[in-house]
Each structure stands twice: as structure tokens, then as C-alpha cells.
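Trainee: here is my input, please return the structure:
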Amino acid sequence: MATLADVARRAGVSPATASRIISGSTKLVTDELRARVLRAVDELQYVPNAHAQLLARAQRTAVGVIVHDVSDPYFAEITRGLQQVATTHGRLVIICNSYRDPARELEYVELLRAQQVAAIVLAGSGYHDAAFTKALKAKLAAYTRTGGRVSVIGRHELPGDAVMPANEEGGYLAGCELFGSGHRRVGVIAGPKVLTTTTDRLAGLRRAAREFRGTVPARRVAYAGFDRDGGAEAITALLDSSPDLTAVVALNDQMAVGALSTLRARGIAVPDQISLIGFDDMPIARDVTPPLTTVRLPLAEMGARAMSMALDHTHSADTPRIEPAQATLVRRESTRSLPA
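Mentor: All right, here's what the predicted structure looks like:
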């Protein structure tokens with residue numbers, strides 16, 4: 001690869017002059033000099049060294065984002081919102097996939113800190129793991145002491161600004177929709193037990209059940225991975241253990257799609273025999289047959305708000321902000337009321 005010295009030699013200027021022109025310095029140079037340097041850059045296909053530029057600048061230009069899995073539509077939507085704001089601010093986004101591995105999240109915080117990113121956004125569920133939370137708090141505290149900013153999406157029990165999706169309220173809305181429509185034998189396809197998102201959504205569902213004098217017993221809750229295959233496995237377990245179910249709540253849309261496929265394969269009609277509700281309102285929820293009733297979260301907006309707070313240096317990091325993200329029920333064709 002061509003170096004800055006190569007560009008300076010080709011243009012017949014000093015490396016310092018070439019550097020100023022390439023970096024867009026406000027120091028005046030003649031049009032003729034500028035044209036020579038830019039022509040040399042083009043001829044040599046010169047690309048500036050990003051690490052050298054980072055060391056030379058007072059302002060950090062990159063931001064780090066830690067997600068569970070960017071291929072998951074939930075995180076893809078959040079990341080879309082994050083990137084839109086980062087691009088507006090001229091920031092490079094470094095995306096790290098933890099694949100729900102707490103140890104990997106700790107490693108990524110260290111790596112992003114070493115890269116001197118301007119901010120770190122953690123965009124995924126927190127964990128019911130006190131040792132991990134303590135370790136993560138310590139690493140983030142070390143990072144913020146050097147001037148870095150932190151924001152999170154979800155319940156993490158961590159310092160920093162936070163966007164809080166209404167997971168408990170969303171579970172409550174799903175529960176009201178089913179128990180309020182006459183269903184009493186309701187099963188739940190839940191995510192991993194260790195995630196706070198699973199706990200919160202299930203808590204809201206159980207709150208609704210109590211209000212309608214119903215229950216969600218443990219035998220009707222199947223825990224699985226937050227993906228399509230997890231949904232297929234969980235609905236199989238529920239149908240085998242509780243064949244009299246009249247409704248199922250999947251705690252995300254991907255699991256609901258997996259459940260829908262299994263129900264179809266078993267010849268069980270949705271919603272005529274079993275009503276099905278998802279969560280998050282992914283685009284696919286509108287495209288399956290029947291279209292899914294689901295709980296909507298403003299995912300792209302959540303990402304945009306988290307990144308905006310992380311890059312807002314006018315607000316003191318000593319007074320963290322918490323911004324709620326509301327949940328709404330979207331009725332489609334996968335649910336029905338039971339006869340009185």
C-alpha cells in the first residue's frame with residue numbers, strides 16, 4: 001500500500017503539507033498544491049491510516065455497539081437506528097456480536113476501550129448473573145473514567161444512560177388480549193431463563209392472568225432459545241405436555257414463527273384451534289399465514305435514542321437518563337375470542 005511519504009514524493013511537497021491537505025486542515029494552501037496532492041492520492045490509491053489519524057486527533061471518531069446477534073431481526077432493527085444517528089454525526093460504528101455469551105461481552109468492552117471509541121452501546125438483554133454484572137460494571141467504570149460514554153438498551157442494572165423497552169407492559173398487553181378473550185389454558189414459549197427480557201415479559205403476562213383470575217403455571221412455560229428453532233422445540237414440548245391449550249404466547253416473533261410452522265405440520269389450525277401471539281412486531285409477523293397478532297416495540301427508534309444519548313456530550317455522564325420505549329398491541333389474524 002502507498003504511504004503518505006509516497007504521496008508527498010509524487011506531488012513534490014513535504015509529508016506535512018500532504019497530510020494537511022488530505023486531512024482537510026483549515027490551514028491555507030494554494031489550489032495548485034492541493035490539486036497536485038489529490039492527484040497523487042488518486043494515482044497511488046492512497047488510503048489514510050485510521051489508527052494514525054485516531055492518535056493525531058483529539059476527538060474519538062468511532063463508537064462501539066455490542067449486540068447479541070445482529071442477524072437476529074430484533075437487533076438488526078435496533079442497529080439500523082443506531083447507525084442512522086452515528087452516520088449523521090460522522091461516526092464509524094464497530095458492531096460486536098456476543099451471541100449471548102457474557103464472557104464475550106466483557107472481552108468486547110476491553111477491546112472497544114483499547115480502540116478508544118467515543119461511546120459504547122450495549123443493545124441486548126441484561127443477565128440474572130450477579131458476578132457478571134459486577135465485572136461488567138467495573139470494566140465500564142474504567143472506560144468512562146477515560147472520557148468514554150455508555151448507554152444501554154434494556155434492563156442491565158449498569159451505570160449510564162438507558163432506553164428501557166416496556167417488556168413487562170408488553171407481556172401484560174399480550175396476556176390481557178388472551179385472558180380477556182376467554183382463554184384460560186394459555187401456554188408460553190419463553191426465552192432463556194437467565195435473560196431479564198424473558199423475566200420481564202413473563203411477569204407482565206402473569207400480572208394479566210391474575211387480573212382475569214387465570215394462571216400461567218410453570219408446566220405451561222417452555223424455555224428455549226430466542227429464535228425460530230427454539231420456538232418450534234418449545235411448542236412441541238407444550239403440545240405434548242398440555243394438549244388442551246387454547247392459546248400460546250411466544251415472547252418474540254421468531255419463536256412465534258417456529259411455533260406456527262410446527263402447528264401447521266401437526267394439522268392444528270391457527271387461530272381456530274389455538275390462538276398465537278408474538279412479541280416485537282418484526283416485518284415477518286405481517287407476512288406469515290395467518291398474520292401474527294403481536295406486541296410492537298419501536299426498535300429502530302430505541303437504537304436511535306440510545307446512540308443519541310451516547311453522543312450527547314452536552315449532558316453530564318454523572319446524571320444518567322432513562323427513556324422509556326412504549327409497547328403497543330397489534331391485532332392481526334392469529335388470535336380469536338373463545339365463546340362465552
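Trainee: you'd agree Gln295 is in a strand?
Mentor: Residue 295: Val, not Gln. Yes: under DSSP: H, G, I helix; E, B strand; the rest coil, Val295 sits within a strand.
Trainee: in this structure it contacts Cys176, no?
Mentor: No: assessed by CB atoms under 8 Å, Val295 is found out of contact with Cys176, at 10.7 Å. For every residue, glycine as well, the C-beta is placed using N, CA and C.
Trainee: the two - which one has more neighbours?
Mentor: Higher neighbour count among Val295 and Cys176: Val295, with 28 against 18, using other CB atoms under 10 Å.
Trainee: tally of neighbours for the nearest residue to the more buried one once chain neighbours are set aside?
Mentor: Nearest in space to Val295, with sequence neighbours left out and distances taken as CB to CB, 6 or more residues apart in numbering, is Gly170 at 4.1 Å. Residues near Gly170, counting by other CB under 10 Å, number 28.
Trainee: in the stretch 201-340 of the chain, where is pLDDT below threshold?
Mentor: 340 (pLDDT under 70).
Trainee: if we use 80, what do you get?
Mentor: Low-confidence segments of the stretch 201-340 of the chain, defined by pLDDT under 80: 317-318, 340.
Trainee: quick one: the helices in it?
Mentor: 228-241, 253-265, 284-287, 299-310 (DSSP state H, counting those that start in this stretch).
Trainee: now the angle between helix 228-241 and the second one, please.
Mentor: Orientation of helix 253-265 against helix 228-241 (axes from the mean of the first three to the mean of the last three CA atoms, to 10 degrees) gives an angle of 50 degrees.
Trainee: and helix 253-265, how far out from the chain's middle?
Mentor: On the basis of CA atoms, centre = their mean, to the nearest Å, helix 253-265 is displaced by 23 Å from the centre of the chain it belongs to.
Trainee: name the residues that touch it?
Mentor: Helix 253-265 is contacted from outside by 72-74, 189, 191, 224, 226-236, 239, 248, 250, 269-270, 274, 276-282, 284-285, 288, 292, 294, 334, using CB atoms under 8 Å, 6 or more residues apart in numbering.
Trainee: and that helix, what's buried?
Mentor: Of the residues in helix 253-265, Asp253, Gln254, Met255, Ala256, Val257, Gly258, Ala259, Leu260, Thr262, Leu263 count as buried by neighbour count, 16 or more other CB atoms under 10 Å.
Trainee: closest one to Thr61 out of these, please.
Mentor: Closest approach to Thr61 among the buried residues of helix 253-265 (CB to CB): Gln254, at 34.3 Å.
Trainee: and that closest one, how far from Pro339?
Mentor: Separation of Gln254 from Pro339 (CB to CB, to the nearest Å): 32 Å.
Trainee: ok, Ala40 next?
Mentor: Applying CB to CB, the value for Ala40 to Pro339 is 80 Å.
Trainee: picking up where we left off before, turn the helices of the stretch 201-340 of the chain into TSV, including distance to Leu202.
Mentor: As requested, the helices of the stretch 201-340 of the chain are exported to TSV (distance: least, CB to CB, whole Å):
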stretch	distance to Leu202
helix 228-241	13
helix 253-265	13
helix 284-287	20
helix 299-310	20
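Trainee: out of these, which is closest to Glu110?
Mentor: Proximity to Glu110, assessed across the helices of the stretch 201-340 of the chain by CB to CB, is greatest for helix 299-310 (18.2 Å).
Trainee: in the closest one, what's buried?
Mentor: Leu299, Ala300, Met302, Gly303, Ala304, Arg305, Ala306, Met307, Ser308, Met309, Ala310.
Trainee: ok, now stretch 200-209?
Mentor: Buried, per 16+ other CB under 10 Å, within stretch 200-209: Asp200, Arg201, Leu202, Gly204, Leu205, Arg206, Arg207, Ala208, Ala209.
Trainee: re earlier: who's more crowded, Ala40 and Pro339?
Mentor: The residue with more neighbours, out of Ala40 and Pro339, is Ala40; 22 against 5, by other CB under 10 Å.
Trainee: just say helix, strand or coil for that one.
Mentor: When classified by three-state DSSP, Ala40 comes out as helix.
Trainee: identify the residues contacting it.
Mentor: Contacts of Ala40 by CB under 8 Å, 6+ apart are Val7, Ala8, Arg10, Ala11, Ala18, Tyr46.
Trainee: switch the cut-off to 10 Å
Mentor: Contacts here follow CB atoms under 10 Å, 6 or more residues apart in numbering; on that basis Ala40 touches 2, 6-13, 18, 21-22, 46.
Trainee: which of those residues count as buried?
Mentor: Asp6, Val7, Ala8, Arg10, Ala11, Val13, Ala18, Ile21, Ile22, Tyr46.
Trainee: what's the most distant pair in those residues?
Mentor: Asp6 and Ile21 (14.5 Å).
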